[in-house]
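Trainee: Next input, structure requested:
(chains A and B)
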There are 2 protein chains.
Amino acid sequence: MTSTPTLANTREELSGLLATARREGRRIGFVPTMGALHEGHASLMREAARHADVVVVSIFVNPMQFAPTEDLDRYPRTLPEDLEVCAANGVAVVFAPAVEEMYAGGFSHDKVRDGVTVHPGRLATILDGESRPGHFDGVLTVVAKLFGLVQPDVAVFGQKDYQQLALIRAMVRDLCLPVEVVGAETVREPDGLALSSRNRYLDPEQRRAATVLSRALRAARERATYGVPAARWAAMSVLKSEPLVELDYLALTGTDLGEAPENGEGRILVAARLGSTRLIDNMPILFTTPAERSA
Amino acid sequence: MTSTPTLANTREELSGLLATARREGRRIGFVPTMGALHEGHASLMREAARHADVVVVSIFVNPMQFAPTEDLDRYPRTLPEDLEVCAANGVAVVFAPAVEEMYAGGFSHDKVRDGVTVHPGRLATILDGESRPGHFDGVLTVVAKLFGLVQPDVAVFGQKDYQQLALIRAMVRDLCLPVEVVGAETVREPDGLALSSRNRYLDPEQRRAATVLSRALRAARERATYGVPAARWAAMSVLKSEPLVELDYLALTGTDLGEAPENGEGRILVAARLGSTRLIDNMPILFTTPAERSA
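Mentor: Model prediction:
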């Protein structure tokens, strides 16, 4: 299913490419990305193809979701390789706009915040939102813009960015956006490390240490039949065993990122730094209280 | 052109009614209202019909754009009469949702602000936004929701709410919403009072005094060839002549609500209270400096 996708750099090119598909009533599936594509992104493209007739991928490193102190400038840009990943995964259209195409007159945080943006609310004040203030304003605003430009029937996001997925679902619900959101499973390296464009920042020693995130999550899942505190303790024990890892947060929550249930489906999420690289991971977790277990 | 519009109370009814029109590629025109419809609204409906094949009117008194101290409860609800206005002006579909249909689980300011909303930015901090904090957050959020539910090709708003129109244009631009926005001229009573659903709050003496708003704007326009300060002075003189009117603001601005140009098109806007009723009005104004005039 390799065929070269058509590249659109401007809004006009994009809407021209999609006009026919829309007129013919073909379902449009959309995968927004920041490029530096890997097998995790490829799995999102294949998921989109299962829900749509035409798959569109956007490649845009969105400056609004990076704080001035963050890694915007060093974020990897690999367009030729990215187009090959799209070609190999049935993508019809790649939208790769310049910054000026998405932010007229060029981007600055002050200018964008003077204008109309999407306000993500309370769910953006915890976890990654607490560590990265303004990050989810940037994510939701650019995703709203991309939804407006692509007008997809269905959009696919990775569960790897679980809080982002929850916030996009909240935006679609609260702003009544006419798009179906699909969350796709995290793809992992054989040793358990969740795929991320930022993994390429890791030196060999950090790369080896980075498996501690998924190992900690798995350890917690194994102890979740002993209750939330036991699961947390298990994860912390693993995390503390790795001196290269500086923990940002470990959170055991409900599937909605609210309080963890005593019994039932929840989520365990972790963020940590290895050197200057910040990695996140999460997994589903099934909590049962000891009482429940012995009943 | 009288024909009974179809009434939709739920999202499902609405999308069912519009599915065929959308599939057949007919252009959908949209006029969002809070009901209590008058000839000003009727002119928006007729304007929508000039740009679209199918006209949809929403009637929804949006609690999010009223502060707890404002007139949400006494805001006029006149659905049977509203449907007659729609019928007489070629409207195909009236969407009149309950509060719970637009705000799942019922409305509260705190709950909605916990979720995802539209943040209107700097333009919402001046004029009506200064007098009514949070008002435009509510307007833009509900209009975004209605755009998502109706998915119009074109939406018509009155210039009577000039700042609202400017903010809706800003939202469409900044969030790339796929809708064309048309601003329609203000409709006035024979004595110059701009039509407003709130005019019905006025007692006879207030109603007589209310003409001072449009008279002040006209006086300013006549003096605008003498420059901005002269125009302002002319408007203020008229406003001060009416003791029943408590001025909120008088603003002379550019067409973008920025600084008034020394020469060129601008806008003059006024807001005032008559008893507990707050009225607004605005007009275009052409500024020329005295130097320019004598040149």
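
Trainee: what's in contact with the helix or strand where residue A:85 lies?
Mentor: For residue A:85, the element it lies in under DSSP states H and E is helix A:79-87. Helix A:79-87 is contacted from outside by A:2-5, A:7, A:33, A:35-38, A:41-42, A:45, A:57, A:59, A:94, A:96, using Cβ atoms under 8 Å, 6 or more residues apart in numbering or on different chains. To be clear about C-beta, it is placed using only N, CA and C from the backbone, and glycine gets the same treatment.

Trainee: These in helices, which ones?
Mentor: A:41-42, A:45 (DSSP state H).

Trainee: Relative to the whole chain's centre, how far out is the helix holding residue A:85?
Mentor: How far helix A:79-87 lies from its chain's middle: 19 Å, per Cα atoms, centre = their mean, to the nearest Å.

Trainee: Let me see the mean pLDDT of it.
Mentor: Helix A:79-87 shows a mean pLDDT of 98.

Trainee: Mind listing what's buried along it?
Mentor: By 16 or more other Cβ atoms under 10 Å in any protein chain shown, the buried positions in helix A:79-87 come out as A:82-83, A:85-86.

Trainee: coming back round to it: I'd like to know which of the contacts of helix A:79-87 are buried.
Mentor: A:5, A:7, A:33, A:35-38, A:41-42, A:45, A:57, A:59, A:94, A:96.

Trainee: Max pairwise distance over the residues you listed: which two?
Mentor: Across the buried ones among the contacts of helix A:79-87, no pair lies farther apart than A:7 and A:38, at 19.6 Å, counting by Cβ to Cβ.

Trainee: Now do the same contact list for the nearest residue to residue A:118 once chain neighbours are set aside.
Mentor: On the basis of Cβ to Cβ, 6 or more residues apart in numbering or on different chains, the spatially nearest residue to residue A:118 that is not a chain neighbour turns out to be residue A:140, at 4.0 Å. If you count contacts by Cβ under 8 Å, 6+ apart, residue A:140 has them with A:118, A:120, A:124, A:167-168, A:171, B:116.

Trainee: and what of residue A:62?
Mentor: A:34, A:102, A:138-139, A:142 are the contacts of residue A:62 under Cβ under 8 Å, 6+ apart.

Trainee: Could you point out which of those residues is nearest to residue B:246?
Mentor: Checking these against residue B:246 with Cβ to Cβ, the nearest one is residue A:138 at 42.2 Å.

Trainee: which stretch of helix or strand covers that closest one?
Mentor: Assigned by DSSP H and E, residue A:138 belongs to helix A:135-150.

Trainee: tell me the angle of that helix relative to helix B:135-150?
Mentor: 40 degrees (axes from the mean of the first three to the mean of the last three Cα atoms, to 10 degrees).

Trainee: Helix A:135-150: what's the following helix or strand?
Mentor: By DSSP H and E, the next helix or strand past helix A:135-150 is strand A:154-158.

Trainee: tell me the average confidence for that following strand?
Mentor: On average, the pLDDT along strand A:154-158 is 98.

Trainee: so does it get close to chain B?
Mentor: No - contact of strand A:154-158 with chain B (Cβ under 8 Å from any Cβ of the partner chain) is absent, the minimum separation being 13.9 Å.

Trainee: How far away from the center of its chain is that strand?
Mentor: Chain-centre distance of strand A:154-158: 9 Å, with Cα atoms, centre = their mean.

Trainee: ok and it relative to helix A:135-150, angle-wise?
Mentor: Interaxial angle, strand A:154-158 versus helix A:135-150 (the same axes, to 10 degrees): 150 degrees.

Trainee: Contacts for strand A:154-158 next, please.
Mentor: Contacts to strand A:154-158, defined as Cβ under 8 Å, 6+ apart, come from residues A:27-32, A:40-41, A:44-45, A:47-48, A:51-52, A:147, A:164-165, A:168, A:179-186.

Trainee: Out of the residues you listed, which sit inside helices?
Mentor: Assignment to helices by DSSP H places the following of the contacts of strand A:154-158 there: A:40-41, A:44-45, A:47-48, A:51, A:147, A:164-165, A:168.

Trainee: which among these gets closest to residue B:271?
Mentor: residue A:147 (35.1 Å).

Trainee: show me where chain A has strands.
Mentor: Assigned by DSSP state E, chain A shows strands spanning A:6-8, A:28-33, A:54-59, A:93-95, A:117-119, A:154-158, A:180-184, A:245-254, A:264-274, A:277-287.

Trainee: Of all those strands, which one comes closest to residue B:276?
Mentor: Evaluated with Cβ to Cβ, the strands of chain A place strand A:117-119 nearest to residue B:276, the distance being 30.8 Å.

Trainee: for that closest one, packing partners?
Mentor: Packing partners of strand A:117-119 (3 or more Cβ pairs under 8 Å, 6 or more residues apart in numbering or on different chains; DSSP states H and E): helix A:135-150, strand B:117-119.

Trainee: Would you reformat the ones you listed as a markdown table and include mean pLDDT?
Mentor: Converted to a markdown table, the helices and strands packed on strand A:117-119 look like this (pLDDT from 0 to 100):
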| stretch | mean pLDDT |
| --- | --- |
| helix A:135-150 | 98 |
| strand B:117-119 | 98 |
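
Trainee: For stretch A:59-67, give the mean pLDDT please.
Mentor: In the prediction, stretch A:59-67 has an average pLDDT of 97.

Trainee: where does that stretch sit relative to the chain's centre, distance-wise?
Mentor: With Cα atoms, centre = their mean, you get 13 Å for stretch A:59-67.

Trainee: Spell out which parts of the stretch 1-150 of chain A neighbour chain B.
Mentor: Selection of the stretch 1-150 of chain A residues close to chain B by Cβ under 8 Å from any Cβ yields A:11, A:23, A:25, A:104, A:112-123, A:137, A:140-141, A:144-146, A:148-149.

Trainee: Could you identify the pair within the contacts of residue A:62 that is furthest apart?
Mentor: Within those, A:102 and A:139 form the most distant pair, 13.2 Å apart (Cβ to Cβ).

Trainee: Flag the shaky bits of chain A, pLDDT-wise.
Mentor: Filtered on pLDDT under 70, chain A yields the residue ranges A:1-2, A:291-295.

Trainee: Show me it divided up by domain.
Mentor: For chain A, the structural domains run A:6-184, A:198-285, going by automatic domain parsing.

Trainee: picking that back up, is it possible to get JSON lines of the ones in helices among the contacts of strand A:154-158 that adds distance to residue A:284?
Mentor: Converted to JSON lines, these look like this (distance: Cβ to Cβ, whole Å):
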{"residue": "A:40", "distance to residue A:284": "17"}
{"residue": "A:41", "distance to residue A:284": "21"}
{"residue": "A:44", "distance to residue A:284": "18"}
{"residue": "A:45", "distance to residue A:284": "23"}
{"residue": "A:47", "distance to residue A:284": "17"}
{"residue": "A:48", "distance to residue A:284": "22"}
{"residue": "A:51", "distance to residue A:284": "21"}
{"residue": "A:147", "distance to residue A:284": "27"}
{"residue": "A:164", "distance to residue A:284": "16"}
{"residue": "A:165", "distance to residue A:284": "13"}
{"residue": "A:168", "distance to residue A:284": "18"}
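
Trainee: Which PyMOL command selects the buried ones in the residues of the stretch 1-150 of chain A next to chain B?
Mentor: This is how PyMOL selects the buried members of these, with burial counted by 16+ other Cβ under 10 Å:
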select buried, chain A and resi 11+112+113+115+116+117+118+119+120+121+123+137+140+141+144+145+146+148+149
